[in-house]
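> Quick check, what structure comes out for this input:
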Amino acid sequence: MLSGLGKYAKKTDEIIPGISSVQIACARLCLEMDELSIITAHSRDIMIVKGRLLIELKNGKNIVLLPDPSFGVKEIGSFIKNAGFSKRISVCENLGYPEERIVTGTTDEIPVAGSNMYCVIITGF
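Alright, predicted model coming up:
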């Protein structure tokens, strides 16, 4: 539902909600969801995503970002650093699965994703 696929559901389709990756990431990283901004870059115009990311960073928000192959954690971290922000960056992979993995770094030491199924959490220090 975070990437907007729910808008394609027909009235006869059944959407079965479960615990979302955002809820799991917040629980694991001890983040409050009410101070969170969710941005998806997946299949989006990356220039628009970058603009929104800058707005949310300037507003002091913690951010969950669903990456795109063209705008992954390395590109996200570099973009944030080049924009003058120093942030903590966590890569949350396979949340809720036995192979779940969370690795945290910074804009100076960008963490590396070990799979294609991950989200990026950007927070202050």
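
> Confirm that Met47 sits in a strand.
No - using DSSP: H, G, I helix; E, B strand; the rest coil, the secondary structure at Met47 is helix, not a strand.

> For Glu75, see how far away it is.
Counting by C-beta to C-beta, to the nearest Å, the gap from Met47 to Glu75 is 13 Å. To be clear about C-beta, it is placed using only N, CA and C from the backbone, and glycine gets the same treatment.

> How about Ser90?
The spacing between Ser90 and Glu75, counted by C-beta to C-beta, is 16 Å.

> For the two, indicate the residue with more neighbours.
Between Ser90 and Glu75, counted using other C-beta atoms under 10 Å, Ser90 has the larger neighbour count: 21 against 17.

> Phi and psi next, for that one.
The phi and psi values for Ser90, taken as degrees, to the nearest 10, are phi -120, psi 140.

> Check the one 10 residues further on too.
Backbone geometry at Glu100, expressed as degrees, to the nearest 10, gives phi -50, psi 140.

> In contact with it, which residues?
With contacts defined as C-beta atoms under 8 Å, 6 or more residues apart in numbering, the neighbours of Glu100 are Cys92, Glu93, Asn94.
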